[in-house]
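Asks: let's see this in three dimensions:
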Amino acid sequence: MTRLTGAATLAAFLLAGRLGAAIEMTRLADMPIEHGRAAAFVGIAEGGVVFAGGTNFPEGPPWQGGAKAWHDEVRFLQHPEGKWERIGRLPRPIGHGTQASTGRGVLCIGGADGERHYADVFLLRRRGQLVTREQLLAFEELTPLPHPLAYAAAARIGEKVHVIGGTVRPDATQASAELLVFDLADPGRGWESLEPIPAPGRILPVVAAHDGELFVFSGASLAPGPDGKPARTYLRDAWSYRPGKGWRRLADLPRAAVAAPSPAPVLDGGRILVIGGDDGTRVGFQPPASHPGFARDILRYDTATDTWAEAASIPTDARAPVVTTAVDWKGAWLIPGGEQRPAVRTTQVLALRETRAEPPLSGAEWTLLAAALAVLVAIGGHLLRRRWASGEG
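Replies: Residues are numbered from 1 along each chain as shown. Model prediction:
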């Protein structure tokens, strides 16, 4: 009886925490980048946001003969009301790498250009105070990955950066299931390979870190298509990895969310937000110039109950971005740039935060709350009958 009471009370408490919590998404000033960019390195350095490299299609989409361009420019935002200053260039034009913010700068991992994938790993930071627009950055080369890697995802747990998924070369027809880890406190050890995810390898998954655990959502597996080129399968599975305990299967996502902003925002109480993403339902949309864009709903995963719910929607005046990053900065999660529809980049900068409103509970949450309250009422009735039977009532 005591265990049942505790479980019911915990469930009621967790769900009550939902009441009064809402998601608000606003827009900051757009980035002054012609044609926008996606697949950049994005992270926190010296208290500001770095947006480095990335890709776009300045001459038009590929179905009109345009070619994908790769960039090396680095932009920096010091304040939410400020401007994105140009502060230098990367060692080479690059995009589709992954990254992690550290106390010393942005750890930039792997990536690709139009010809190859890279294994390079370097720490990107400012050199001194920002004085001029063209001030160069400092780059500290670290131990490279065991092999080239692009289209992967990374999240930091304490001082350890975990990297999952990706491909080793541009024409790869199989995605990696490998989990790699780099210890920022002991960089001399280099990269170590951990237990691979017990599921298909994947590109462009969504990852998050919470309470010492790595969460991996969705992504796309690869296989040779009829023409021998890589063909995607859109995944809805979800997993978590805890160092020393291994992998654990979680509840599937309601839909695929390939390339949604990653790492995903984590709210108080262990609620992880998967913002939009490509659900695969519009692959091959014709005509491509009229593609309506990617999913606009924001999914919420509750780490305490292993359940999914729809938390909010991306506002109608904003674009639903994929192939970009969410960074925790000055009380909000910043999502700069990204791809708004195939081959079309955006210059928008979104800011997501939790506010105190009263959104409706999901059907699953109402069911759980009703069951918890029913248990508590039944227990109360049982205790009352016992008092009456003993003459205490």
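
Asks: switch to C-alpha atoms for all contacts and neighbour counts from now on
Replies: Noted.

Asks: name the nearest residue to Arg86, sequence neighbours excluded.
Replies: Counting by Cα to Cα, 6 or more residues apart in numbering, Arg86 lies nearest to Arg75, which is 4.5 Å off, once chain neighbours are set aside.

Asks: what sits against Arg75?
Replies: Taking Cα atoms under 8 Å, 6 or more residues apart in numbering as the contact definition, Arg75 lies against 50-52, 84-88.

Asks: so which helix or strand takes in it?
Replies: strand 73-77 (DSSP states H and E).

Asks: adjacent strands (with direction) for that strand?
Replies: strand 48-52 (antiparallel), strand 85-89 (antiparallel) (DSSP bridges).

Asks: and it, average pLDDT?
Replies: Averaged across strand 73-77, the pLDDT comes to 94.

Asks: dump the C-alpha coordinates for that strand into PDB.
Replies: Output of strand 73-77 as PDB, limited to C-alpha atoms (Å, rounded to 0.1, in the frame of the first residue of the first chain):
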ATOM      1  CA  GLU A  73      33.000  32.700 -42.200                       C
ATOM      2  CA  VAL A  74      32.600  33.000 -38.400                       C
ATOM      3  CA  ARG A  75      29.900  35.300 -36.900                       C
ATOM      4  CA  PHE A  76      29.500  36.200 -33.200                       C
ATOM      5  CA  LEU A  77      26.600  37.600 -31.200                       C
END
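
Asks: tell me the pLDDT of the one residue sitting closest to the centre of the chain.
Replies: The residue lying closest to the centre of the chain (Cα atoms, centre = their mean) is Ser262, at 1.7 Å. Note for Ser262: predicted pLDDT of 97.

Asks: so what's it up against?
Replies: Neighbour list for Ser262: 153-154, 205-208, 324-326 [criterion: Cα under 8 Å, 6+ apart].

Asks: can you tell me which of those are in helices?
Replies: Per DSSP state H, helices hold no members of the contacts of Ser262.

Asks: now stretch 168-188: how far from the chain's centre is it?
Replies: 17 Å (Cα atoms, centre = their mean, to the nearest Å).

Asks: what's in contact with it?
Replies: By Cα under 8 Å, 6+ apart, stretch 168-188 touches 115-117, 142-143, 147-150, 159-167, 189-203, 221-224, 229-231.

Asks: okay, how far is it across it, tip to tip?
Replies: Using Cα to Cα, to the nearest Å, the end-to-end distance of stretch 168-188 comes to 23 Å.

Asks: repeat for stretch 329-339
Replies: Span of stretch 329-339 from end to end, Cα to Cα: 21 Å.

Asks: circling back: just name the most buried of the strands paired with strand 73-77.
Replies: Mean neighbour count (mean count of other Cα atoms under 10 Å) peaks for strand 48-52 among these, with a mean of 24.

Asks: OK, contacts around Arg156?
Replies: Each residue near Arg156 by Cα under 8 Å, 6+ apart is listed here: 100-101, 162, 209.

Asks: with respect to His79, which of the residues you listed is nearest?
Replies: Closest approach between those and His79, by Cα to Cα: Ser101, at 17.2 Å.

Asks: roughly how far does the closest one sit from Pro287?
Replies: In this view, Ser101 and Pro287 are 39 Å apart by Cα to Cα.
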